[in-house]
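Peer 1: sharing a model prediction with you, sequence too.
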Amino acid sequence: MNNTIKVLLPSLLLASHTCFASFLSVDQQSVSAMGNAFAGAASAGDDASISFYNPAGLMLIEEGQVVGAITYAIPDSTLTINSAFDSAGNPIPNTSGQEISSGIPSTPIPALHIAKPITEDMVLGMSITAPYWIVTDYGNTPVKYNGIQSKLYSYNGNLSLAKQMTEELSVGLGVNAMYFTHEVNFAIGTITDPQGEQAFTEYSGDSLAFYPNVGLLYEWSDDTRMGLAYVFPVDQNTDGYLTTSSTAVNAPSFEPAAANSNFLLPDYATLSFFHQATPKIELLADLIFTHWGRWDDYVISAQLGTPIESDIPLDLENTWRLALGANYQYNPTVKLRAGIAYDQSPITDETRTLQSPDSDRVDASIGISIAPKNWDDLMRIDLAYMHSFFANSSLSQQNLLLTLFPGTPVPATHLTGSYETSADFVGAQIVYLM
């Protein structure tokens, strides 16, 4: 391959790592838990969805259940460009003050959970979820030279077993298989004409990884219990291909190049509390520590005639999430839910990029659970709404191609701006007895 693609490849893959070092965890695997901003998700035990948050909590399920949940995520993120300069240091016309949508699309998030007691002191559970997801799409805008589109999806299958060890203590173990896929693409001007002819490069890869999760549930009394859960880290080493095309007349054709990269998804621990304060009022709390700092560097490699490998440092921060919630049993068939949470981001103003428009946020939620009287097999219907308030944040991003190859004439060499982001989540869930 000629020198052009060798220049394109490292810059593309360098851009790709930023897609995943941010807000990509998806908590919305249970609508009943979302009604409490996921406070008490690892200890409340309202239904079989607790297997996702704490496998030991399955011991709270007394009858076989099938839980089907769907949450619709509606993000809203706008980038206001403060400045954009070309490789000569000149401002790019008509960019300052321009507002650009990050193009994070609305999307459904499905989840399925099944729990079945197999003995008096043992419960088997299964879940199918999508625990990691993020998409950004800036389209044909001035920021396309720093990244057009990035996508990440994951699909996770979990098999869990809970066992009651003593009257107070239960333990749980889960085995997971996660399929992980991502792609990223961006545009650059060609070396000879950065403002005219353009090249477009895309990397797409996927992987499959297996990992465990464990949990404990300790019941001090019928009214008070604590959950402790730990999910092990997941190393997704993706294999894929790089494809490149150009709008230049008589541009050379580029064969797909084999490439791979690493994604060190974090381990995290949850401490969860449930307390029946009165016959009608339940109080819930969760504290979660996520070890994002384990992902020290991002390693990418490709086969361009000769192997090329880059080792890029990441500056992710470990994070905490605190959630508080309460339930009110309005009558025998209706339970009202509410919750609030503060969630830190591993991204800072120094590390934020177009592919990771994340910041610290506050989640506020409400929900309702309805137990129909006349449906023998339908145990409950859950509805919930959550709004995420993201802190306003800033962006200062240099085109990574220029970092690799100083002096290369690249459009939008340096970009600065600010983000305003929020998100709404609307969910519905049904719980069937089996």
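Peer 2: Structure received. The shown structure was predicted, so the numbers you read here are calculated from the model rather than taken from an experiment. Numbers count the residues shown, from 1 in each chain.
Peer 1: make it CA atoms for all contacts and neighbour counts henceforth
Peer 2: Fine.
Peer 1: residue contacts, the nearest residue to residue 65 once chain neighbours are set aside?
Peer 2: With sequence-adjacent residues excluded and distances taken as Cα to Cα, 6 or more residues apart in numbering, residue 65 is closest to residue 433, at 4.6 Å. Residues in contact with residue 433 (Cα atoms under 8 Å, 6 or more residues apart in numbering) are 63-66, 377-379.
Peer 1: are any of those buried, and which?
Peer 2: Neighbour-count burial (16 or more other Cα atoms under 10 Å) applied to the contacts of residue 433 gives 64-66, 378-379.
Peer 1: let's see which of those end up in strands.
Peer 2: 65-66, 378-379 (DSSP state E).
Peer 1: with those in mind, which one is nearest to residue 346?
Peer 2: residue 66 (34.7 Å; Cα to Cα).
Peer 1: what bridges to that closest one?
Peer 2: residue 114, residue 432 (DSSP bridges).
Peer 1: equivalent analysis for the one 10 residues further on, please.
Peer 2: Note on residue 76: beta-bridge partners residue 422, judged by DSSP bridges.
Peer 1: now do the contacts for it.
Peer 2: By Cα under 8 Å, 6+ apart, the contact list for residue 76 reads 101, 104, 421-423.
Peer 1: make it 6 Å
Peer 2: 421-423 (Cα atoms under 6 Å, 6 or more residues apart in numbering).
Peer 1: can you pick the most crowded of these?
Peer 2: residue 421 (22 neighbours; other Cα atoms under 10 Å).
Peer 1: quick check: that one vs residue 392, distance?
Peer 2: Using Cα to Cα, to the nearest Å, residue 421 is found at 7 Å from residue 392.
Peer 1: list the contacts of residue 234.
Peer 2: Residue 234 makes contacts with residue 265, as judged by Cα under 6 Å, 6+ apart.
Peer 1: where do the strands of the stretch 51-200 of the chain begin and end?
Peer 2: Ranges of strands in the stretch 51-200 of the chain, per DSSP state E, counting those that start in this stretch, are 65-85, 99-101, 107-119, 122-129, 133-137, 149-164, 169-189, 198-219.
Peer 1: how about these, which one is nearest residue 362?
Peer 2: Per Cα to Cα, nearest to residue 362 of the strands of the stretch 51-200 of the chain: strand 65-85, 14.3 Å.
Peer 1: quick one: that closest one to chain centroid distance?
Peer 2: Relative to the chain's own centre, strand 65-85 is displaced by 10 Å; criterion: Cα atoms, centre = their mean, to the nearest Å.
Peer 1: next, the angle from it to strand 107-119.
Peer 2: Angle of strand 65-85 versus strand 107-119, following axes from the mean of the first three to the mean of the last three Cα atoms, to 10 degrees, is 150 degrees.
Peer 1: burial measure for residue 277, as a count.
Peer 2: Neighbourhood size, residue 277 [other Cα under 10 Å]: 12.
Peer 1: and it, how close does it get to residue 35?
Peer 2: Distance from residue 277 to residue 35, by Cα to Cα: 18 Å.
Peer 1: quick check, nearest of the contacts of residue 76 to residue 217?
Peer 2: The closest of the contacts of residue 76 to residue 217 turns out to be residue 423 (Cα to Cα; 32.3 Å).
Peer 1: any idea of the pLDDT on the closest one?
Peer 2: As predicted, residue 423 sits at a pLDDT of 89.
Peer 1: show me the contacts for it.
Peer 2: Residue 423 makes contact with 74-76, 387-388, according to Cα under 6 Å, 6+ apart.
Peer 1: adding pLDDT and distance to residue 154 as columns, could you present those in JSON lines?
Peer 2: Formatted as JSON lines, those follow (pLDDT from 0 to 100; distance: Cα to Cα, whole Å):
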{"residue": "74", "pLDDT": "89", "distance to residue 154": "19"}
{"residue": "75", "pLDDT": "86", "distance to residue 154": "19"}
{"residue": "76", "pLDDT": "86", "distance to residue 154": "22"}
{"residue": "387", "pLDDT": "96", "distance to residue 154": "23"}
{"residue": "388", "pLDDT": "93", "distance to residue 154": "22"}
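Peer 1: could you export these as JSON lines, including distance to residue 56?
Peer 2: Output for those, formatted as JSON lines (distance: Cα to Cα, whole Å):
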{"residue": "74", "distance to residue 56": "32"}
{"residue": "75", "distance to residue 56": "33"}
{"residue": "76", "distance to residue 56": "36"}
{"residue": "387", "distance to residue 56": "29"}
{"residue": "388", "distance to residue 56": "29"}
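Peer 1: and the residues you listed, which two are furthest apart?
Peer 2: Among the contacts of residue 423, the pair separated by the greatest distance (Cα to Cα) is 76 and 387, at 11.1 Å.
Peer 1: dig out what residue 342 forms beta bridges with.
Peer 2: According to DSSP bridges, the residues that bridge with residue 342 are residue 322, residue 362.
Peer 1: run through the bridge partners of residue 382.
Peer 2: Beta-bridge pairing of residue 382 under DSSP bridges involves residue 369, residue 429.
Peer 1: what is the neighbour count of it?
Peer 2: By other Cα under 10 Å, 24 other residues sit near residue 382.
Peer 1: residues in contact with it?
Peer 2: 32, 368-369, 428-429 are the contacts of residue 382 under Cα under 6 Å, 6+ apart.
Peer 1: just the pLDDT at it, thanks.
Peer 2: The model reports residue 382 with a pLDDT of 97.
Peer 1: ok, back up a step: go through the strands of the stretch 51-200 of the chain and find the least confident stretch.
Peer 2: strand 133-137 - the lowest mean pLDDT of these, at a mean of 76.
Peer 1: ok, back up a step: can you put the strands of the stretch 51-200 of the chain in a markdown table and add distance to residue 340?
Peer 2: Listed next are those as a markdown table, based on distance: least, Cα to Cα, whole Å:
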| stretch | distance to residue 340 |
| --- | --- |
| strand 65-85 | 18 |
| strand 99-101 | 27 |
| strand 107-119 | 21 |
| strand 122-129 | 23 |
| strand 133-137 | 22 |
| strand 149-164 | 27 |
| strand 169-189 | 27 |
| strand 198-219 | 23 |
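Peer 1: tell me which of those sits most buried.
Peer 2: Scoring the strands of the stretch 51-200 of the chain by mean neighbour count under mean count of other Cα atoms under 10 Å gives strand 122-129 as the most buried, with a mean of 23.
Peer 1: who's in contact with that strand?
Peer 2: Strand 122-129 has contacts (Cα under 6 Å, 6+ apart) with 111-117, 155-163.
Peer 1: which pair in those spans the largest distance?
Peer 2: Using Cα to Cα, the two most remote members of those are 155 and 163, lying 26.5 Å apart.
Peer 1: end-to-end on stretch 216-234?
Peer 2: 21 Å.
Peer 1: quick check: buried residues in it?
Peer 2: In stretch 216-234, counting by 16+ other Cα under 10 Å, buried: 216-219, 224-231, 233-234.
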